[in-house]
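Enquirer: coordinates for the following, if possible.
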Amino acid sequence: MRQLADIVKETVPSCQISFAAGAEPDKRNYRVDFSKYARAFPDHLPRWNVRRGAQQIYESYRAFGLKRDEYEGPRYKRIAQIISLLESGQLDKTLRWRGTHAGDDRLSSWKRRCPARTCWSPKGSKTTAASSRASGARGSCASMG
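Expert: Below is the predicted model of the structure:
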């Protein structure tokens, strides 16, 4: 991880790297051996590396004007989104919707999905959960009788 942090520091001007106090080194190994791939696909060798990837990400952030507050906020981080929804009262402490979301037919039918993974659809028709939600279908679940 330190090597990746160093690459980011070299790529992003005025970047400062710090590690959590008392944190132990990550003992996992993220190295990848592409020799088997190279033998199997000799005409299609990888041309990308971590340094080029870091540069592309940095350039993309700049091109689209993505700022740290946005990136670290609820739009791109799932846990930040959940915290935001909890703080705004849209989710309760069990992470269930409150208010206007609670009665949303699409969410309600999705929650009542049957074990066979078919949704509430007119009796006798087999509908996948996704297609049923998309169409707003309601009724009794075909696999529940």
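Enquirer: same for the longest helix anywhere in the chain, what does it pack against?
Expert: In the chain, with assignment by DSSP state H, the single longest helix is helix 50-64. Secondary-structure packing of helix 50-64 (3 or more CB pairs under 8 Å, 6 or more residues apart in numbering; DSSP states H and E): helix 2-11. Bear in mind the C-beta positions are built from the backbone N, C-alpha and C, glycine included.
Enquirer: got the domain boundaries for this structure?
Expert: Under automatic domain parsing, the residue ranges defining each domain of the chain are 1-18+27-66, 67-102, 103-144.
Enquirer: weakest of the ones you listed in terms of mean pLDDT?
Expert: Set side by side, those show their lowest mean pLDDT on domain 103-144, which sits at a mean of 45.
Enquirer: okay, the longest helix of the chain in PDB with CA atoms only?
Expert: Presented in PDB, the C-alpha positions along helix 50-64 are these (Å, rounded to 0.1, in the frame of the first residue of the first chain):
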ATOM      1  CA  VAL A  50      -0.600   1.700 -11.700                       C
ATOM      2  CA  ARG A  51       1.300   4.900 -12.400                       C
ATOM      3  CA  ARG A  52      -0.700   5.500 -15.700                       C
ATOM      4  CA  GLY A  53      -3.900   4.600 -13.800                       C
ATOM      5  CA  ALA A  54      -3.200   7.100 -11.100                       C
ATOM      6  CA  GLN A  55      -2.400   9.700 -13.700                       C
ATOM      7  CA  GLN A  56      -5.700   9.000 -15.600                       C
ATOM      8  CA  ILE A  57      -7.800   9.200 -12.400                       C
ATOM      9  CA  TYR A  58      -6.100  12.500 -11.400                       C
ATOM     10  CA  GLU A  59      -6.600  14.000 -14.900                       C
ATOM     11  CA  SER A  60     -10.200  12.900 -15.000                       C
ATOM     12  CA  TYR A  61     -11.000  14.500 -11.600                       C
ATOM     13  CA  ARG A  62      -9.500  17.700 -12.800                       C
ATOM     14  CA  ALA A  63     -11.300  17.500 -16.200                       C
ATOM     15  CA  PHE A  64     -14.700  17.100 -14.600                       C
END
